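Enquirer: Have a look; sequence and predicted model below, questions after that.
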Amino acid sequence: MGDDVLKGNFQPARPVKVEAAQETLEDRFEREVKKKLGGSIAYVAKKKIVWDVKE
Amino acid sequence: MAKILLINPVVREEDVPRHIPYGIALLAAIASRDGHLVQIYDENAWRRGEDVVRQVCQADDWDIIGIGGITTTYASIKSTVRIARELCPKAVIVMGGGVLTSLPREMMAWLPQVDVGVIGEGFLTFPELCAMVDAGERDFTRIDGVIARDASGKLIMSKQRELLDDLDSLPYPAWDMFPLDIYFANSQSLFSEEGMLASRRLDINSSYGCSLICRFCYHLGIAGDMRYETNAEGEVEVAFDKPGNYTRAIRYHSPEYTVRMVKHAYDKYGINFVGFLDENLMTMDQYSGRTWMKEICRLWHEYGLAPKKNPDGTWTGVHWSGTSHATLCTKEILEIMREAGCSHLVYGYESFAPHVLKTIGKGATLESNIRSFFWTLDAGIRPIPNQIIGFPVDDFESLRMSMSAWKRLGIQVKPHFATPYPGSEWFTVFRKSIEDQYKGDLEAFIVDLGDASRISAVISTNFNAIELLGLRELMLMDDQKKIDEYEKVWRSNHNIPDGQPSTLVPSKKAKGPRVVTNVSQLNPA
Ligand code: B12
């Protein structure tokens, strides 16, 4: 019984809304390449860029 | 009845979730058995970020929010209890597990959002707390085994909680309250062929304790390893292994309980692999007069769990794995274990240098390491040869000895670094040095802890963090030449001529001590 992410022995009062985990192609690529990192295998973690070019 | 929310914090973020937290699963089963309303949010399995944690906290009017885990869950717990306190001002926030137990006063000070800490074993303390909250009372320190604040905010530790004697009185873990699909999808355990093919794995724990006193090890305060002591200021504190003072309680479930539980999981969830979480199966085997493991294996056959191979490499029945010990295992029991489906056994061989093995409290020698290695292989079980570098007395010679053993034994390994996790003897011994390495900020050290394959506080006498990282890389590549070259540089930096041992550790034969402050406190086995 219970909501999806909450599991237990009763029904909680308010539902927890969770978007289905959608791994984007970009996320999948970055997850896979990270495992092989080294030497000529290098990549840009696009969401981690913090360099403001105007600085 | 109380409305209880248990949260499993995120651990080892760099990997997928692989292990249902056994302690939380048992506490949920106990609370449920006692008639409480229980929900679990397995944040480690879902990993959906703060927004979902917020929704979970608001999903009901929780009386109790419980959270806990191993030391490395600290950062996750810290962020979750902040949210919980903000959104559930009336809930009693309870924290437990190894993370709280090793440093109860520090944790309660760093996390003012937490109302009660459960120190050590939760089997009796947690249900008593639930009953108290349910009865509308808040006088937490009337319950043994807790730390809480008095009206003035002062931390009070109640009496130490006795360990549960009758382990078989425990219900089975509430596996149903966890997202089994996520865990089954990550069942693979890359330690053996069968582990690799495991597609429905659950973990079980059939004993508590370890008879050995490895100086880098911590036993969560649930192995008889914890004592309460009064300090110079008259305050009660927890104490763990320290030179000359070690305590243990060895407890195990009956083989009947253990195998019935596996049979239950086999029938209900269709599992095909079981990981024994036990710290050291061989302690139990030896302590029981060599009857316990044998009986588990006999029952494994009797209950129809011993695996039978199919032509495609899959099997019916349940393969399993666990942790062994070089000196305590026997050839006979390893063969019996294989017959019953054991596929791999973890061995903390740690080092192949006798002068290092002598100082780590493991009770293993070079000979017992090698003997158990071949016994295990001969039995048809894969030994998992764990290695550590950066022990207080590790030197160039010990690293070479380990490298040479790896080569001759076919061992492929990226060693851990000796890491002084709180609760271990070396945390107690080196605490000042650890704090110094983090500029006096112990919390920063805790946050920095992850797998011991990452470097954090260094307890090596001879090598600093950078040297250890470099040497490990060279060891991995078996680059003896570069290690020899670096030894020359090291000797000249430390003024140690060729021909003398490559160490700053004072030799018993040496006339005057050379440098070293920290290792003088070591208590060689
Ligand atoms: C499973 C496990 C893991 C899992 C994760 C743990 C999890 N999610 O549960 C994984 C594989 C990820 C793991 C990794 C590591 N682990 Co580990 N692990 C274990 C193991 C084998 C079993 C834990 C267990 O279930 N114990 C049995 C249950 C019943 O005990 P428990 O969970 O502590 O729960 C009891 C109490 O603590 C308390 N309690 C626990 N939670 C809560 C919550 C609340 C609200 C309350 C009230 C009470 C409470 O009540 C419970 C019942 O008494 C133990 C060894 C052992 N046998 O305990 C080592 C152990 C915990 N691990 C250990 C170590 C050293 C590590 C690593 C650092 C090793 C490494 N590779 O470098 C890594 C760190 C990973 C990382 N990056 O964070 C050490 C201690 C760690 C520590 N300082 O806390 C242990 C004790 C092994 C040892 N003796 O060396 N580990």
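Expert: Right, received. Where do you want to start?
Enquirer: how about residue 31, secondary structure?
Expert: Because you didn't say which chain, this covers chain A. Secondary structure state of A:Arg31, per DSSP: H, G, I helix; E, B strand; the rest coil, is helix.
Enquirer: neighbours of it, just the number please.
Expert: 10 (other CB atoms under 10 Å in any protein chain shown). For the C-beta atoms, the positions are set from N, CA and C on the backbone; glycine is no exception.
Enquirer: what about it, distance to B:Leu167?
Expert: According to CB to CB, to the nearest Å, A:Arg31 and B:Leu167 sit 40 Å apart.
Enquirer: which of the residues in stretch B:189-197 are buried?
Expert: Residues of stretch B:189-197 classed as buried under the neighbour-count rule (16 or more other CB atoms under 10 Å in any protein chain shown) are B:189, B:191-192, B:194-195, B:197.
Enquirer: Run through the residues that contact the closest residue to B:Cys297 other than its chain neighbours.
Expert: Once flanking residues are discounted, B:Cys297 sits nearest to B:Ala340: 3.8 Å by CB to CB, 6 or more residues apart in numbering or on different chains. Residues in contact with B:Ala340, defined by CB atoms under 8 Å, 6 or more residues apart in numbering or on different chains, are B:296-298, B:300-301, B:305-306, B:320.
Enquirer: Can you select the buried ones among those for me in ChimeraX?
Expert: Restricted to buried positions by 16+ other CB under 10 Å, the ChimeraX selection for the contacts of B:Ala340 reads:
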select /B:296,297,298,300,305,306,320
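Enquirer: I'd like the contacts of B:Ala340 as TSV, with distance to B:Leu442, secondary structure and pLDDT appended.
Expert: As requested, the contacts of B:Ala340 are arranged in TSV below (distance: CB to CB, whole Å; DSSP: H, G, I helix; E, B strand; the rest coil; pLDDT from 0 to 100):
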residue	distance to B:Leu442	secondary structure	pLDDT
B:Ile296	41	helix	98
B:Cys297	44	helix	98
B:Arg298	48	helix	98
B:Trp300	45	helix	98
B:His301	50	helix	98
B:Leu305	46	coil	98
B:Ala306	49	coil	98
B:Trp320	39	strand	98
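Enquirer: Pull the number of nearby residues for whichever residue of the stretch 201-350 of chain B sits closest to the ligand.
Expert: Across the stretch 201-350 of chain B, no residue is closer to the ligand than B:Leu277, which sits at 3.9 Å (CB to the nearest ligand atom). Close neighbours of B:Leu277, defined as other CB under 10 Å, add up to 15.
Enquirer: Excluding chain neighbours, what is closest to it?
Expert: B:Asn205 (4.2 Å).
Enquirer: count of residues packed around that neighbour?
Expert: Per other CB under 10 Å, the neighbour tally for B:Asn205 reads 21.
Enquirer: Spit out the contact partners of B:Tyr208.
Expert: Counting by CB under 8 Å, 6+ apart, B:Tyr208 touches B:163, B:167, B:222-223, B:249-252, B:279.
Enquirer: now, among the buried residues of stretch B:189-197, which is nearest to A:Ser40?
Expert: Comparing these against A:Ser40 with CB to CB places B:Phe191 closest, at 30.4 Å.
Enquirer: if I pick B:Asp448, what's in contact with it?
Expert: Counting by CB under 8 Å, 6+ apart, B:Asp448 touches B:438, B:456-457.
Enquirer: do the same with B:Gly145
Expert: B:Gly145 touches B:118-121, B:124-125, B:158-161, counting by CB under 8 Å, 6+ apart.
Enquirer: Report the buried members of these.
Expert: Buried subset of these (neighbour count, 16+ other CB under 10 Å): B:118-121, B:124-125, B:158, B:160-161.
Enquirer: that older thread, and the buried residues of stretch B:189-197 as CSV, adding secondary structure, pLDDT and distance to B:Glu106?
Expert: Supplementary listing: those in CSV, determined by DSSP: H, G, I helix; E, B strand; the rest coil; pLDDT from 0 to 100; distance: CB to CB, whole Å:
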residue, secondary structure, pLDDT, distance to B:Glu106
B:Ser189, coil, 96, 34
B:Phe191, coil, 97, 35
B:Ser192, coil, 97, 39
B:Glu194, helix, 96, 42
B:Gly195, helix, 97, 37
B:Leu197, helix, 96, 44
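Enquirer: possible to save these as TSV with distance to the ligand?
Expert: Listed next are those as TSV, based on distance: CB to the nearest ligand atom, whole Å:
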residue	distance to the ligand
B:Ser189	10
B:Phe191	12
B:Ser192	16
B:Glu194	18
B:Gly195	13
B:Leu197	19
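Enquirer: Show me which pair in these is furthest apart.
Expert: Farthest apart among these by CB to CB are B:Phe191 and B:Leu197. That separation is 11.7 Å.
Enquirer: of all the contacts of B:Ala340, which two lie farthest apart?
Expert: Greatest spatial distance in the contacts of B:Ala340: B:Arg298 and B:Trp320, 14.3 Å, computed using CB to CB.
Enquirer: what residues does chain A put near the ligand?
Expert: Contacts of chain A with the ligand, taken as CB under 6 Å from any ligand atom, are absent.
Enquirer: Give me the subset of the buried ones among the contacts of B:Gly145 lying in strands.
Expert: Members of these lying in strands (criterion: DSSP state E): B:Val118.
Enquirer: Adding distance to B:Pro179 as columns, could you present the buried ones among the contacts of B:Gly145 in CSV?
Expert: Formatted as CSV, the buried ones among the contacts of B:Gly145 follow (distance: CB to CB, whole Å):
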residue, distance to B:Pro179
B:Val118, 25
B:Ile119, 29
B:Gly120, 28
B:Glu121, 26
B:Leu124, 28
B:Thr125, 27
B:Ser158, 35
B:Gln160, 35
B:Arg161, 31
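Enquirer: Looking at the buried ones among the contacts of B:Gly145, which is nearest B:Thr376?
Expert: B:Glu121 (31.6 Å).
Enquirer: What's the separation between the closest one and chain A?
Expert: Distance, B:Glu121 to chain A, using CB to the nearest CB, to the nearest Å: 23 Å.
Enquirer: What sits closest to that residue if chain neighbours are left out?
Expert: Of all residues not flanking B:Glu121 in the chain, B:Ile222 sits nearest, at 4.7 Å (CB to CB, 6+ apart).
Enquirer: helix/strand/coil for that neighbour?
Expert: Applying three-state DSSP: B:Ile222 is coil.
Enquirer: Now it: phi and psi?
Expert: For B:Ile222, the backbone dihedrals are phi -110, psi 10 (criterion: degrees, to the nearest 10).
Enquirer: Spit out the contact partners of it.
Expert: B:Ile222 makes contacts with B:120-121, B:163, B:208, as judged by CB under 8 Å, 6+ apart.
Enquirer: Would you mind trimming these to those in range of the ligand?
Expert: B:Glu121.
Enquirer: which parts of chain A sit against chain B?
Expert: Within chain A, the positions adjacent to chain B are A:2-3, A:5-10, A:12-18, A:21 by CB under 8 Å from any CB of the partner chain.
Enquirer: and the stretch 101-250 of chain B, which residues reach the ligand?
Expert: Checking the stretch 101-250 of chain B against the ligand by CB under 6 Å from any ligand atom, the hits are B:118, B:121-123, B:126, B:205, B:217-220, B:222.
Enquirer: Can you name the residue of the stretch 101-250 of chain B nearest chain A?
Expert: Relative to chain A, the nearest point of the stretch 101-250 of chain B is B:Met177 (4.4 Å; CB to the nearest CB).
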